[in-house]
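# this one's sequence-less:
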C-alpha cells in the first residue's frame, strides 16, 4: 500500500510540473504574439463603454454627430474610355467621358462620347439632371447634341440609369428632336474581377432611330450595335490602362448608306487606352 501511495504522489508531481511548463509556454507564446502587433495597435486604448442610453435626437442632430450629410455637395470627372482604335481606315482616337456635381439625390451630369479621325470629330454631348428614385436607379432628363460630318442634331432626352440584377450597369435614354425625329440608346456593362486589380469589362450598346436621316447616314429602326471587351489593370483605382477589342455592326438602311459612302458595315477594332477619374 505504501508503494501505491508513493506512485500516486510521483504521478501528481509530474502532472504539476507539466501543467506549469505548459502555462509558462502559453504565456510566452501570448507575449511573443503581442509583440507582433503594430505600433498603432499597441498604442490603441479602447474607449470606455457608454455610461447611459442615447436619447432621442432629430435627423439633423444625428447627421451632425455622425458627420454624415446626404445634402453635401461633391463631384467627379471620369473617362471610362480614352483610347486608340485600329479602324479599317486608320488610327482613331475615341472617348467616353462624364462629369457630375451634386449630392446623394440630385446631380447635374455632363456626358460626352465620340471619335476623332483624320482631323474630323463625330460624337455627342449631353447635359442632364439626375434624380435618384430608388436604391439603385435614377431618372435623367435634359438636352443632347450630336455633331459630326453631317448636320448637327439637338434632342430633348430622358431615361433611366442604374444597377440591374446581377450587377449589370444599365443606361437607357430616349431622344426627341426636330421634325419629329426620335431615337433611343441602350447600353449595359459588367465588371468581372479576375483579381483585385485585373478586371475584364464587356459592354454592349445599340441605337435605334424613328425615321431616316440620310444626311447623317442613318436609317430608321435598329441602326447599329457595338460590343466591346476590355481588360484593364488598376495601378490605382483612379488610373487603369487597358487593352481590348470592339465589334461593331450597322443594320438595315444604315448599313446600306455606309456602303454607299465607302465605309464598312461590320468591323473589328483593336483598342488600347486608359480609364481614369478624379
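Good, I have the coordinates. Everything numeric in this text was worked out from a predicted model, so none of it was measured.
# show me the contacts for residue 199.
By CB atoms under 8 Å, 6 or more residues apart in numbering, the contact list for residue 199 reads 191-193, 231-234, 240. Heads up, the C-betas are built off the backbone N, CA and C, glycines and all.
# Kindly recompute the last result at 6 Å.
Residue 199 is in contact with 191, 193, 232, counting by CB atoms under 6 Å, 6 or more residues apart in numbering.
# before we move on, what about residue 162?
Going by CB under 6 Å, 6+ apart, the list of residues near residue 162 reads 136-137.
# Can you give me the distance of it to residue 168?
When distance is defined by CB to CB, to the nearest Å, residue 162 is 10 Å away from residue 168.
# swap in residue 256?
33 Å.
# what phi and what psi does the backbone show at residue 216?
Main-chain dihedrals, residue 216, degrees, to the nearest 10: phi -110, psi 10.
# so who does it touch?
The contact partners of residue 216, by CB under 6 Å, 6+ apart, come to residue 150.
# if I look at it, how far off is residue 128?
Taking CB to CB, one finds residue 216 at 22 Å from residue 128.
# Low-confidence ranges, the stretch 1-150 of the chain, go.
1-43, 67 (pLDDT under 70).
# ok, which stretches of it are helices?
For the stretch 1-150 of the chain, the helices defined by DSSP state H, counting those that start in this stretch cover 2-35, 39-43, 59-65.
# Now do stretch 251-259: everything it contacts.
With CB under 6 Å, 6+ apart as the contact definition, stretch 251-259 has outside contacts at 217-219, 221-223, 250, 265.
# and if you look at stretch 217-229?
Contacts of stretch 217-229 (CB under 6 Å, 6+ apart): 202-209, 211-212, 244-254, 257.
# Sort out which residues of that stretch are buried, please.
By neighbour count with 16 or more other CB atoms under 10 Å, stretch 217-229 contains the buried residues 217-219, 222-226, 228.
# Show the buried residues in the contacts of residue 199.
Listed as buried from the contacts of residue 199 are residue 232; burial here means 16+ other CB under 10 Å.
# In CSV, list the contacts of residue 199 along with distance to residue 84 and secondary structure.
Shown next, in CSV, are the contacts of residue 199 (distance: CB to CB, whole Å; DSSP: H, G, I helix; E, B strand; the rest coil):
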residue, distance to residue 84, secondary structure
191, 22, coil
193, 25, strand
232, 15, strand
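# Can you tell me which of the contacts of residue 199 comes closest to residue 122?
Using CB to CB, residue 232 is the member of the contacts of residue 199 that lies nearest residue 122, at 24.9 Å.
# Just say helix, strand or coil for the closest residue to the closest one other than its chain neighbours.
Once flanking residues are discounted, residue 232 sits nearest to residue 242: 3.4 Å by CB to CB, 6 or more residues apart in numbering. Here residue 242 is recorded as strand under DSSP: H, G, I helix; E, B strand; the rest coil.
# before we move on, what about residue 253?
helix.
# now the one 5 residues further on
On the three-state scheme (three-state DSSP), residue 258 is labelled helix.
# Check the contact between residue 141 and residue 158; I expect there is one.
Yes - contact criterion CB atoms under 6 Å: residue 141 and residue 158 qualify, at 4.1 Å.
# ok, residue 93 to residue 118 distance?
11 Å.
# Counting neighbours, go ahead and name the busier of the two.
Counted by other CB atoms under 10 Å, residue 93 and residue 118 do not tie: residue 93 has more neighbours, with 14 against 8.
# Contact partners for that one?
Applying CB under 6 Å, 6+ apart, we find residue 93 in contact with residue 116.
# beta partners for it?
With DSSP bridges as the criterion, residue 93 is bridged to residue 84, residue 116.
# can you tell me how far it sits from residue 273?
Counting by CB to CB - residue 93 and residue 273 are separated by 9 Å.
# Likewise for residue 57?
In terms of CB to CB, residue 57 sits 49 Å off from residue 273.
# more neighbours, these two?
Counting neighbours by other CB under 10 Å for residue 57 and for residue 273 shows that residue 273 has the greater number, 23 against 11.
# Quick check, the more buried one in contact with residue 79.
No - using CB under 6 Å, residue 273 makes no contact with residue 79, being 8.6 Å away.
# who touches both of these two?
Common contacts of residue 273 and residue 79 (CB under 6 Å, 6+ apart): none found.
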